[in-house]
Structures are given as C-alpha cells and as structure tokens.
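> After the sequence you'll find the predicted model.
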Amino acid sequence: MKYFRSLLFAGAVLALSAAANAQHAVIKADVPFNFMVGDKLYPAGEYSVAKIAIQSSVLQIHNQSVSESDLFQTIACSSNAQKKTTKLVFERTGSVYSLRQIWVAGSEFGWEVGNQKRTETRLAFNGVKTEELIVAANLIGR
C-alpha cells in the first residue's frame, strides 16, 4: 500500500510540474501584420509572449525589433484536447487584426485576451465580417 501511495504521489508531482512548466512558457512568433492587444496597436514584427507568474493571468508581450514590453490581462481558457502546435490566434475584422488566444503545444489550457468592444462594434455596424487567423509560434522556454 505504501508503494502505491508513493507511486501515486510521484505521478501527481510530475503532472503538476508539467502544468507549471506550461504556465511559464515563453512563446516566440513572427507576426506579419499590425495588430491590437486590448486598445493598443502593435506593429508587425517578432514578438515573445510570456506569463509573468504562475498564479497570474497577466502576460507580457515583448517586441523583439524595438525592445519594448507591455503587460496585458488574459482569461484562462481550455479545449477538449491538448494542442498539437504552439500558436497565436488572431481575429480580423475589416483591416483590424486583434490577438484573441494563445495556445502552447502539449497543453489543453491557453489564454484568451479581452475583447475590444468599441472597435468591433463600430466595424460590425458597417457590415464587416470577422475572420480567424492563426500565426504559428515557437515554444522557446518553459
């Protein structure tokens, strides 16, 4: 019985450490278009995105080209299965691209970025459709 409990405990520790590693992931992506995060516009370029603390829903975005960083609020989200690729999901409404979700390969948990209701509402009244775009990203650290 002791052996079984030890084995169960070791499995739980491994599972929790894998989840913690996924939460500290540093994601790097080359975004080929200007995009919004919240109400801020970012130029096309190479970016890294990282969680600033395990229990925080705040992520840091860093523009590699001009060495500028900002923090932004996210909401945890999940999918039915583990993601096969690390990716940034954008939404395009007219000519405006907005970062919507961030996913890490090997995890079913991701982050969702708050919406920009003002911009989308204004564009929606003009009859503009919304599309989803995916930018492949690399996991460079855990």
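Perfect, I can see it now.

> Heading C-terminal from the lengthiest strand in the chain, find the next helix or strand.
Among the segments of the chain that qualify as a strand by DSSP state E, the longest is strand 68-78. Moving toward the C-terminus from strand 68-78, the first helix or strand encountered (DSSP states H and E) is strand 87-93.

> ok, the longest strand of the chain: who's next to it in the sheet?
strand 58-63 (antiparallel), strand 109-113 (antiparallel) (DSSP bridges).

> out of those, deepest packed?
Using mean count of other CB atoms under 10 Å, the stretch among the strands paired with strand 68-78 with the largest mean neighbour count is strand 109-113, at a mean of 20. C-beta here means a position set from N, CA and C on the backbone, and glycine is covered the same way.

> Tell me what the residue most central in space within the chain is bridged to.
Residue closest to the mean C-alpha point of the chain, counted by CA atoms, centre = their mean, is I102 at 2.1 Å. Note on I102: beta-bridge partners by DSSP bridges are L88, W111.

> Now the strands paired with strand 68-78 in JSON lines, please, with extra columns for mean pLDDT and distance to S79.
JSON lines is the format used below for the strands paired with strand 68-78 (pLDDT from 0 to 100; distance: least, CB to CB, whole Å):
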{"stretch": "strand 58-63", "mean pLDDT": "93", "distance to S79": "18"}
{"stretch": "strand 109-113", "mean pLDDT": "91", "distance to S79": "7"}
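
> could you redo those strands as TSV and give each row distance to A50?
Converted to TSV, these look like this (distance: least, CB to CB, whole Å):
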stretch	distance to A50
strand 58-63	5
strand 109-113	11
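
> burial of Q73, as a residue count?
Per other CB atoms under 10 Å, the neighbour tally for Q73 reads 13.

> hey, where'd the strands end up in the protein?
For the chain, applying DSSP E gives strands covering 26-31, 35-37, 40-42, 45-51, 58-63, 68-78, 87-93, 96-103, 109-113, 130-136, 138-141.
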